[in-house]
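Chemist: When you get a sec, could you give me coordinates for this:
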Amino acid sequence: MKRVAILISGGGSNMLALLDSMVGDHPARAVLVASNDPAAGGLAKAAARDVPVAAVDHRPFGKDRAAFEAELLRHIEAAEPDILCLAGFMRVLTPGFVSRFEGRMLNIHPSLLPKYPGLHTHQRALDAGDAEAGCTVHEVTAVLDDGPVLGQARVPVLSGDRPDTLAARVLVQEHRLYPAVLRRYAAGDRTPVLL
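Modeler: Purely as a prediction, here's the structure:
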């Protein structure tokens, strides 16, 4: 059974999709949900599902990302995860942190990578006149929103779409894609999931 730690910054809707999927014959179980925001709504939701939680507020560390990560790592390493899932974790991680989990850290991103790494993905897709948008689960590398693609889900861009309407439809697919990729990945299969 693979041990999974999930990092969040907000309400944790993708985290909940992952937690809800890790039941029955699933080859993984959650051992920690951690956040950089002690007020993140997802922490209470994880705790209500009896998953251990931890919060390390990034703000007191200022620009010292390494010190923040060292404190976060204390909690992560105590949980001894095999896999680390970023689920709306809104902090850029240093290469030192990433290298520690190389080959076992996943992230979900709300675009069809390599298109639109970074922020404002839905607005950028609309501005470009794209016919479709979607989301990607990828292995995390030291390069932001890069790394081997482990899954993608596509949604059509509809006439009259705004960033919020497109984001809502993409989020439905995120909640399908991330659990599907995690199940396959935890079983040792890195074949991309395409929805």
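Chemist: the strands in this structure, which residues?
Modeler: 2-8, 28-35, 53-55, 83-86, 105-109, 132-139, 149-156, 193-194 (DSSP state E).
Chemist: Include distance to residue 71 when you put those strands into JSON lines, please.
Modeler: From N, CA and C alone the C-beta is placed, and that goes for glycine too. Output for the strands of the chain, formatted as JSON lines (distance: least, CB to CB, whole Å):
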{"stretch": "strand 2-8", "distance to residue 71": "13"}
{"stretch": "strand 28-35", "distance to residue 71": "10"}
{"stretch": "strand 53-55", "distance to residue 71": "10"}
{"stretch": "strand 83-86", "distance to residue 71": "16"}
{"stretch": "strand 105-109", "distance to residue 71": "18"}
{"stretch": "strand 132-139", "distance to residue 71": "25"}
{"stretch": "strand 149-156", "distance to residue 71": "29"}
{"stretch": "strand 193-194", "distance to residue 71": "34"}
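Chemist: Tabulate the ones you listed (JSON lines), appending mean neighbour count.
Modeler: JSON lines is the format used below for those (neighbours: other CB atoms under 10 Å):
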{"stretch": "strand 2-8", "mean neighbour count": "25"}
{"stretch": "strand 28-35", "mean neighbour count": "23"}
{"stretch": "strand 53-55", "mean neighbour count": "19"}
{"stretch": "strand 83-86", "mean neighbour count": "24"}
{"stretch": "strand 105-109", "mean neighbour count": "24"}
{"stretch": "strand 132-139", "mean neighbour count": "23"}
{"stretch": "strand 149-156", "mean neighbour count": "20"}
{"stretch": "strand 193-194", "mean neighbour count": "16"}
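Chemist: I'd say residue 91 and residue 36 touch.
Modeler: Yes. Using CB atoms under 8 Å, residue 91 is in contact with residue 36, at 5.2 Å.
Chemist: contact partners of stretch 176-186?
Modeler: Stretch 176-186 is contacted by residues 2, 4, 14, 17-18, 20-22, 26-28, 82-83, 85, 87, 106, 108, 135, 137, 150-153, 190-191, 193, 195 when judged by CB atoms under 8 Å, 6 or more residues apart in numbering.
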